[in-house]
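1. here's a sequence, model it:
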Amino acid sequence: VTSAPLAPPPGASAAPIDGPPPVGTDVAVTPSTPVIAEPTYVPPPAPPVVSSGRSSVVGSWNAKDATGATCKVSLSSAPALDLYKANASGCANKDLAKVTAWDYRDGEVYLYQPGGTVTARLRQGGGALDGALSKSGASLALAR
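-> Model prediction:
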């Protein structure tokens, strides 16, 4: 009884894909080195741009109080102890004219006078800051 390899099916190559070459052929056999894929680093997506927060309120604002009087209020990113520097110019309201510092806490902007007195509390909405003066409760709006 003798054995011989079967003929390949129609359309297939006669050379074996894996394993040693057939006997009687002059093919150099080299050990194959396994290919190790390098893990690819995919950076996480950038955080969404948030339009609220301390940095979004820094800059110059046009303030308008309940009487319709307007003035300029500037909120700086420069630290002033545990608050940030601010200034007001041309304000008819005496309390608002004394603003020298500000802070952003719990979604609200606080305007301060020297000595730590809160002049006003404002909340962001639609690109503006709306709130009230602390002493009188009168409305105050800041817009760009």
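
2. now the protein, which segments are flagged as low pLDDT?
-> 12-39, 42, 44-52 (pLDDT under 70).

3. quick one: distance of stretch 127-137 to the chain centre.
-> How far stretch 127-137 lies from its chain's middle: 28 Å, per Cα atoms, centre = their mean, to the nearest Å.

4. with residue 105 as the reference, measure out to the residue lying closest to residue 85 once chain neighbours are set aside.
-> Of all residues not flanking residue 85 in the chain, residue 76 sits nearest, at 4.2 Å (Cβ to Cβ, 6 or more residues apart in numbering). Heads up, the C-betas are built off the backbone N, CA and C, glycines and all. Separation of residue 76 from residue 105 (Cβ to Cβ, to the nearest Å): 17 Å.

5. between those two, who's got more neighbours?
-> residue 76 (15 against 9; other Cβ atoms under 10 Å).

6. and the more buried one, what element?
-> Assessed by DSSP states H and E, residue 76 sits inside strand 70-80.
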